[in-house]
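**Q** 3D model of this:
(chains A and B)
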Amino acid sequence: MLELRNIVKSYEGKQLLNDITFTVAEGETICLLGASGSGKSTILRMIAGLDFPERGAILLNNLDLAQTPPHLRDFGLVFQDYGLFPHLNVFDNIAFGLRMRNASADEIKQHVSALLEQVNLSGFDSRQVTDLSGGEQQRVALARALAPSPRLLMFDEPLGALDRSLKEDLLNEIRSILHQTKIPAIYVTHDQEEAFTIADRILVLHEGIIIRDGMPSEIWKDPQSAFVAKLLGIGNVIDGEVVGESKVKTTFGIFNLNCAKNIGEKLQLLLTEPPSPSGEGRRGEVRGEIQLTVEDVLFKQDQFQVKGRGGLVIHMKDAPKVGDVITVQVQVKCLS
Amino acid sequence: MTITKNYFNPSISRLILWLPVLLFLLSTFFFPLFKILTLTFNLETLTNLNNLRITYHALLFTFYQATLSTLLTFALGLPAAILFSKFNFHGKSLLRALTAVPFMLPTVVVAAAFNSIFSPRGLFSFLFPSFTQSVHPSPFILILITHTFYNTSIVIRIVGNAISRLDPKLEASARVLGADTFNAWKDVILPILRPSLLAAALLVFMFDFTSFGVILLLGGSQFATLEVEIYIRALQLPNLNLAALLSIIQLIFTLIFSILYSRTINQVSTQTAPRFSTAKPPKTIQEKIFVATLALLLSSFFFLPLISLPIRSLTRLEADRGQRAEVQYGFTTDYYQELFINRRGSLFYVPPVQAALNSLGFAGITVILSLALGYPAAYALAKPTRLEKFLDPFLMLTLGASAVMMGLGFILSFGRLIASPFFIPIAHTLIALPFVIRTLQPALASIPERLRQAAATLGASPLRVWQTVDFPILSRATLSAATFAFTVSLGEFGATLLITRPEYPTIPIAISRFLSQPGGLNYGQAMAMATVLMLLTTLSILLIEKLRFNNAGEL
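**A** Prediction:
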């Protein structure tokens, strides 16, 4: 449906986006994940037509959008700080897009009250948007974006300004609305929890390119690079050095790994707890045992988070004592 | 709990603080105002058809010129506001400062400066003799241009700030929701900017409405605005009843505008502040042309008068005495030297430089008087109680009265006493006082009581507390307020014109007299004195800017 082809964009003389290519399918929610300043918002602005790529093309159903001004694109955009019109009340904010499309007064009235119900703000019609709480404002912004039935919805860190419990509620609402309406969506965030909750597919943006593109479960199982593993908080990333044919030395011992690197080269490894004690290791993975000196133990609902020497974090059913040396089953694999 | 409360009954000590300023205002403002009111509201004044006819015409003309001036000011000010809020370019802050200079310059200086360019004796007609004969700017056009010169910075400040505070996401949201550029402006940007546009328009209109010096000096008394008509009916064709009526009408309108202004400026809220400045260097060709053209236009418009004045004051442009046939031109310091000579048959009984000495003397007295009166009031206002909230509007009421009206009030109230030169600094103090108080008050309010308490618990006597805590914080604000009073007094024209005697001319009075006389020498001396006044004022402005109260005393 939407396709970005080889988008290049620089910001203040520096290359921001290097070669961005991805597609969004009908009814699909993709999540664009990256550190702040990585150019996520710029991608959204270009899709919306508010900014222009230096090279590359943005296509909707195989039609190039380069000549289509933002107001004819029929996309919705939701900002982190809402961007509500301060001089209009809740009703008029939501009705704005419908009015621009010359909808009749009746139609607008019906549509807006249906939307208010959908975002749990029934009865808020004549409230001033400046008097609303952050969560309420974001609901209005969501309803406003939904009102003209856009062909694509874009969210630019929509929950960044909200506190935790509100975040979860609203995230679930957005999720269910996206499922109901089947509007394809691009959701930009730097929060991996949000990404895993809402996305059908996750794209990780790093240094101007998409370094990982896959379903949440795929990426969780195999982050492939140290950056993705760290960004998404998957397992432990540890340093290693190739010391011989299929031998990698780490502070936790030597592992038999074939990382296709020459002897003496440094590399990073992903160290995780095995999913089940007896399961087969996947390709490129080895299992092993390490000795870990416990430095800290944190209670985490149904298990204990154990921090050990070297910053390693593992999870256990029973709490060891600080200072204990424990034996832990791990699996290790090479990262690029 | 304040320390002073232990020494005085608070309400009595507050009344003592208020006493000097209240007595002063009562005798120099409210009593004259009462006099004007009694003259206005009597049967004779209000039933005289001639009075009403003149009032009607003056009012009509005042609205007419103020409307045109405001429109012209916006024609230049709006693009300038966009320029300063949306674009970054070389010399931006310098150009911005330049546009704000006229606002502080005395009317006589600005009038003389435009005179030095566009009048028949000015540089423009000398440089382009054939051009000016065909399209000589009429005095009326000149008045409009000068008002624009004065007030453009208001539009730049109020509207420009609103534009730069505008969240760029709002336009983006509107565009994405289906608004084209026109609709985004019509339905989103303009409605949000409306309070600031309205506030700027009201303020500019109010200044144009009450303009006096510019109109009298560039146009003459045939351009009878309310202000000019008050002056004419007070001095030239005396009809004090009519003058009183005119000034009350003027006061009513000024108060209406002030109330409307303060209402709209309150709506100019900080609703949507972007975290970063939205100003960017111009990118497209159209943007570059816009920025370059406008920056050039603004810099020449605001710089030319300021440079033309000193140039003209050093340029001989007329036939020398006894050599009528040939126009001489070249560099000369004659006009400055002439200021020190008391010529027989000159305009004054004293050498013109005496006017400068008078001005400095009056300004000195104004500084002392306004600080002496302003300090206690500012002390009381720094910690307002119900008393202060009640009295503050009366203090600020003086801002609503025009200088010409104050002069008229003095004439009506003090009669022959006015021959005493001491009334001039009193009038100047009356004008400067609100500004002095408004400068001192925030500085006084900013001194945290904790600091005083800390000093006291460490063993400082009340005097030592004042010496070690209050004084260091206040000295800057005091100097700033003093400079302000000094500048106001140096440049004051309207009130002085009404109450001055020929023996005690001030610089602005001397300039206006020189300008109204024929002859190159008189004109040159006007230019020279205006240049001196401009330099003095500019130095004062720079000093005030340097001393600008910047959160001193904040912990």
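**Q** which parts of the stretch 101-250 of chain A sit against chain B?
**A** Counting by CB under 8 Å from any CB of the partner chain, the stretch 101-250 of chain A comes close to chain B at A:101, A:130, A:144-145, A:147-148. C-beta: built from backbone N, CA, C; applies to glycine.
**Q** kindly recompute the last result at 6 Å.
**A** Residues of the stretch 101-250 of chain A lying close to chain B by CB under 6 Å from any CB of the partner chain are A:Arg101.
**Q** taking the stretch 101-250 of chain A, what residue is nearest to chain B?
**A** A:Arg101 (5.6 Å; CB to the nearest CB).
**Q** chain center to the longest strand seen in chain A, what's the gap?
**A** The longest strand of chain A (DSSP state E) is strand A:285-300. Its chain's average C-alpha position is 28 Å from that of strand A:285-300, according to CA atoms, centre = their mean, to the nearest Å.
**Q** next one: stretch B:232-243
**A** On the basis of CA atoms, centre = their mean, stretch B:232-243 sits 25 Å off its chain's mean C-alpha point.
**Q** any low-confidence regions in the stretch 1-150 of chain B?
**A** For the stretch 1-150 of chain B, the stretches flagged by pLDDT under 70 are B:1-10, B:129-136.
**Q** what's the burial count for the residue of the stretch 101-250 of chain A closest to chain B?
**A** The number of residues packed near A:Arg101 is 16, by other CB atoms under 10 Å in any protein chain shown.
**Q** can you pull the contacts of it?
**A** A:148, B:178 (CB atoms under 6 Å, 6 or more residues apart in numbering or on different chains).
**Q** and the next helix or strand past the longest strand of chain A?
**A** Moving toward the C-terminus from strand A:285-300, the next helix or strand (DSSP states H and E) is strand A:303-308.
**Q** tell me the buried residues in the host helix or strand of B:Leu142?
**A** Using DSSP H and E, B:Leu142 sits in helix B:139-165. Neighbour counts using 16 or more other CB atoms under 10 Å in any protein chain shown place B:139-140, B:142-165 of helix B:139-165 among the buried residues.
**Q** could you do stretch A:131-140 as well?
**A** The neighbour-count check on stretch A:131-140 (16+ other CB under 10 Å) flags A:132, A:135-140 as buried.
**Q** what of stretch B:528-535?
**A** Within stretch B:528-535, the residues scored as buried using 16+ other CB under 10 Å are B:528-534.
**Q** now do stretch B:458-478
**A** Using 16+ other CB under 10 Å as the test for burial, stretch B:458-478 gives B:460, B:465, B:469-470, B:473-474, B:476-478.
**Q** now do the same contact list for B:Tyr504.
**A** B:358, B:421.
**Q** compute the distance between it and B:Asn358, please.
**A** According to CB to CB, to the nearest Å, B:Tyr504 and B:Asn358 sit 5 Å apart.
**Q** do the same with B:Arg121
**A** In terms of CB to CB, B:Arg121 sits 26 Å off from B:Asn358.
**Q** same question for B:Gly494.
**A** For B:Gly494, the distance to B:Asn358 equals 17 Å [CB to CB].
**Q** same question for A:Asn236.
**A** From A:Asn236 across to B:Asn358, the span is 86 Å (CB to CB).
**Q** poorly predicted segments of the chain, please.
**A** No chain in the question, so chain A it is. Residues of chain A that meet the criterion pLDDT under 70 lie in A:275-284.
**Q** let's do chain B instead
**A** For chain B, the stretches with pLDDT under 70 are B:1-10, B:129-136, B:269-277, B:317-329, B:342-350, B:548-555.
**Q** show me what from it comes close to chain A.
**A** Checking chain B against chain A by CB under 6 Å from any CB, the hits are B:169-170, B:172-173, B:175-180, B:188, B:191-192, B:271-272.
**Q** burial of residue 204, as a residue count?
**A** Using chain A here. Using other CB under 10 Å, A:Val204 has 26 other residues around it.
**Q** that answer is for a different chain, and I need it for chain B
**A** By other CB under 10 Å, the residues close to B:Val204 number 26.
**Q** can you give me the buried ones in whichever helix or strand it is part of?
**A** Assigned by DSSP H and E, B:Val204 falls within helix B:190-209. Within helix B:190-209, the residues scored as buried using 16+ other CB under 10 Å are B:192-193, B:195-209.
**Q** doesn't B:Thr500 make contact with B:Phe410?
**A** No. Using CB atoms under 6 Å, B:Phe410 is not in contact with B:Thr500; the gap is 10.7 Å.
**Q** the more surrounded of these two?
**A** The residue with more neighbours, out of B:Phe410 and B:Thr500, is B:Phe410; 23 against 20, by other CB under 10 Å.
**Q** so what's the nearest residue to that one once chain neighbours are set aside up against?
**A** Computed as CB to CB, 6 or more residues apart in numbering or on different chains, the closest residue to B:Phe410 that is not its neighbour in sequence is B:Ile499, at 5.0 Å. Shown in contact with B:Ile499 (CB under 6 Å, 6+ apart): B:407, B:410, B:418, B:423.
**Q** now A:Ile202
**A** A:31, A:33, A:195, A:216, A:219.
**Q** in the sheet, who's paired with the second one?
**A** Looking back up the chat, that one is A:Leu33. A:Thr189, A:Val204 (DSSP bridges).
**Q** tell me the SS of residue 22?
**A** Let's take chain A. Assigned by DSSP: H, G, I helix; E, B strand; the rest coil, the conformation of A:Phe22 is strand.
**Q** wrong one, chain B
**A** helix.
**Q** any idea how far it lies from B:Tyr375?
**A** For B:Leu22, the distance to B:Tyr375 equals 14 Å [CB to CB].
**Q** what about those two, which has more around it?
**A** B:Tyr375 (20 against 17).
**Q** what's the helix or strand for that one?
**A** helix B:353-382.
**Q** buried residues in that helix?
**A** For helix B:353-382, burial by neighbour count (16+ other CB under 10 Å) applies to B:353-356, B:358-363, B:365-367, B:369-371, B:373-382.
**Q** can you check stretch A:42-60 too?
**A** A:42-51, A:53, A:56, A:58, A:60.
**Q** nearest to chain A, out of the buried residues of stretch B:458-478: which one, please.
**A** B:Ala477 (35.3 Å).
**Q** surely that closest one meets B:Gln441?
**A** No. Between B:Ala477 and B:Gln441 there is no contact under CB under 6 Å: 9.0 Å.
**Q** widest-spaced pair of the buried residues of stretch A:131-140?
**A** By the measure CB to CB, A:Gly135 and A:Val140 form the most distant pair in the buried residues of stretch A:131-140, at 10.0 Å.
**Q** so B:Asp392 sits in a helix?
**A** Yes. According to three-state DSSP, B:Asp392 belongs to a helix.
**Q** count of residues packed around it?
**A** Neighbours of B:Asp392 under the rule other CB under 10 Å: 16.
**Q** B:Gly91 too?
**A** By the criterion of other CB under 10 Å, B:Gly91 has 10 neighbours.
**Q** one more: B:Gly400?
**A** Neighbour count of B:Gly400, defined by other CB under 10 Å: 19.
**Q** cool, and A:Thr21?
**A** For A:Thr21, using other CB under 10 Å, the count is 13.
**Q** and the one 3 residues further on, by the same measure?
**A** Around A:Val24 there are 22 other residues, counting by other CB under 10 Å.
**Q** quick one: residues contacting residue 142.
**A** Reading this off chain A. A:Leu142 neighbours (CB under 6 Å, 6+ apart): A:78, A:119.
**Q** I was thinking of chain B, sorry if that wasn't clear
**A** B:114, B:118, B:218.
**Q** great, nothing more from me.
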